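Trainee: build me a model:
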Amino acid sequence: MSLSDFFKSPFSRRSDVSSLPSPPLAPEDDVVAPPSEVDFAAILLAAGVTPEQRSKVFKAQELLKTLPSDTPASLKRDIVEAAFKAFDVPTQEIVAAASKQIEALRAFTRTGEEHTQRVLAEGNQQIKLLESKIAGVKASMDREVAAQAVRARSTLDQINEVQPVLQFFARDPVASSHPEAHVAAPGPGEWSQGESVDVQFDAGR
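Mentor: All right, here's what the predicted structure looks like:
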């Protein structure tokens, strides 16, 4: 296991924006754990720091915590060295273990920064693709609005051409629905209330 395995990309499973209904969001299982939840034991082990080395550093840390804060540094060093010599642990091993642990943690930080830069680059690329797709959708919408405006104007022109016919015949007491109908004009006094009107069609027209 390498240090890079401790980081996950929120875009690793969502690289194709063409199939996305909305901008990609990091799933809950892909969110990087906050610092308080980082498994440093696993990180140090992956970096090659053995449990024995970690134990030596931890014991030195605990021992330093028990010393009064106003204790001179030289006296602290003498106390710690004496304590470890009593357990037959050379201070050089503690220095080596602490140095290795710090280097491992610094490497973890560098790996995290590199991972973050990759995620940012991938995210910016995704944003550009999505912005391009959004621009295309907006252009399509604008074209449809413009086309509908043309259709609406043309349709209104047609309505305005037909409307006079409707208005004219709607006011006529006897209106024929057939364009070839001829209504025989009655003479004076020939129509009486309730009588029908004979309509003659010219079949030759």
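
Trainee: got the CA positions of stretch 40-60 in CSV?
Mentor: Extracted in CSV, the C-alpha atoms of stretch 40-60 (Å, rounded to 0.1, in the frame of the first residue of the first chain):
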residue,chain,number,x,y,z
PHE,A,40,-1.6,7.8,11.0
ALA,A,41,-0.7,4.3,12.1
ALA,A,42,-1.6,3.0,8.7
ILE,A,43,0.1,5.9,6.9
LEU,A,44,3.3,5.4,8.8
LEU,A,45,3.2,1.7,8.2
ALA,A,46,2.7,2.3,4.5
ALA,A,47,5.7,4.6,4.5
GLY,A,48,7.9,1.9,6.1
VAL,A,49,7.9,3.0,9.7
THR,A,50,7.6,-0.1,11.8
PRO,A,51,5.5,-0.5,14.9
GLU,A,52,8.6,-0.9,17.0
GLN,A,53,10.0,2.4,15.7
ARG,A,54,6.6,4.1,16.4
SER,A,55,6.6,2.6,19.9
LYS,A,56,10.0,4.1,20.7
VAL,A,57,9.0,7.5,19.5
PHE,A,58,5.7,7.3,21.5
LYS,A,59,7.5,6.4,24.7
ALA,A,60,9.8,9.3,24.2
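
Trainee: and the average pLDDT for it is what?
Mentor: The average pLDDT for stretch 40-60 rounds to 90.

Trainee: residues in contact with the nearest residue in space to F6 that is not next to it in sequence?
Mentor: Among residues not flanking F6 along the chain, I43 sits closest, at 6.3 Å (CB to CB, 6 or more residues apart in numbering). Using the backbone N, CA and C atoms, a C-beta is placed for each residue, glycine as well. Contact analysis of I43 by CB atoms under 8 Å, 6 or more residues apart in numbering lists 3, 6, 104-105, 108.

Trainee: now do S154
Mentor: Contacts of S154 by CB under 8 Å, 6+ apart: none found.
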